[in-house]
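Enquirer: Prediction below, plus the sequence it came from.
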Amino acid sequence: MKIPFALILCCALFNPAWGMSAKKTAPPPVESVWVKRSASAASCVGEGEPLAVARKSLENAQVRILQEKRAGDGLMHIQMCGADTGELNYFQIPKTELNQAKTAGFSEAPGFSPKEH
């Protein structure tokens with residue numbers, strides 16, 4: 001059985017195993033840190049600062065956001081109207097932009113893992 005030349009050529013050009021296809025390379029990983037800011041949420045009062053508002057503060061400070069998460073601080077809080085609930089807005093950002101985030105009112109959140117919250 002003869003295989004047409006065009007079929008062999010197509011297989012050679014588009015088969016990744018043969019090394020002729022267009023290769024997509026992932027961008028180099030960015031060294032990152034998590035930063036946080038209190039949502040100022042209080043029992044019986046409201047949700048506090050929404051994640052979108054905190055995100056806008058970072059964007060205005062020219063900080064790129066890699067991931068975001070709203071989570072508690074992991075501490076116990078008094079259950080009384082008006083008391084802080086411990087809700088925080090967390091953002092993963094490039095480490096090189098940490099000072100810009102601090103200027104925007106955020107602090108570093110060492111050890112924060114979104115999988116645990």
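Expert: All right, it came through fine.
Enquirer: can we go C-alpha only for contacts and neighbour counts from here?
Expert: OK.
Enquirer: Quick check: the closest residue in space to residue 51 that isn't next to it in sequence vs residue 67, distance?
Expert: Nearest residue to residue 51, sequence neighbours excluded (CA to CA, 6 or more residues apart in numbering): residue 89, at 6.0 Å. For residue 89, the distance to residue 67 equals 11 Å [CA to CA, to the nearest Å].
Enquirer: and what of residue 52?
Expert: Distance of residue 52 to residue 67, given as CA to CA: 12 Å.
Enquirer: One more: residue 95?
Expert: Residue 95 sits 13 Å away from residue 67 when distances are taken as CA to CA.
Enquirer: what ranges do the strands span in the protein?
Expert: Applying DSSP state E to the chain gives strands spanning 32-38, 67-72, 87-94, 107-108.
Enquirer: As CSV, those strands with mean neighbour count and mean pLDDT would be great.
Expert: Shown next, in CSV, are the strands of the chain (neighbours: other CA atoms under 10 Å; pLDDT from 0 to 100):
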stretch, mean neighbour count, mean pLDDT
strand 32-38, 21, 95
strand 67-72, 16, 94
strand 87-94, 23, 96
strand 107-108, 18, 96
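Enquirer: Can you add distance to residue 46 and give those back as CSV?
Expert: CSV is the format used below for those (distance: least, CA to CA, whole Å):
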stretch, distance to residue 46
strand 32-38, 13
strand 67-72, 15
strand 87-94, 11
strand 107-108, 23
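Enquirer: so which of these comes closest to residue 45?
Expert: Smallest distance to residue 45 across these (CA to CA): 13.1 Å, for strand 87-94.
Enquirer: Report the angle between that closest one and strand 32-38.
Expert: On the basis of axes from the mean of the first three to the mean of the last three CA atoms, to 10 degrees, strand 87-94 is oriented at 150 degrees to strand 32-38.
Enquirer: what's the burial count for residue 52?
Expert: If you count neighbours by other CA atoms under 10 Å, residue 52 ends up with 10.
Enquirer: Now do it, the pLDDT please.
Expert: Looking at residue 52, its pLDDT reads 95.
Enquirer: Could you do residue 19 as well?
Expert: Listed pLDDT for residue 19 reads 51.
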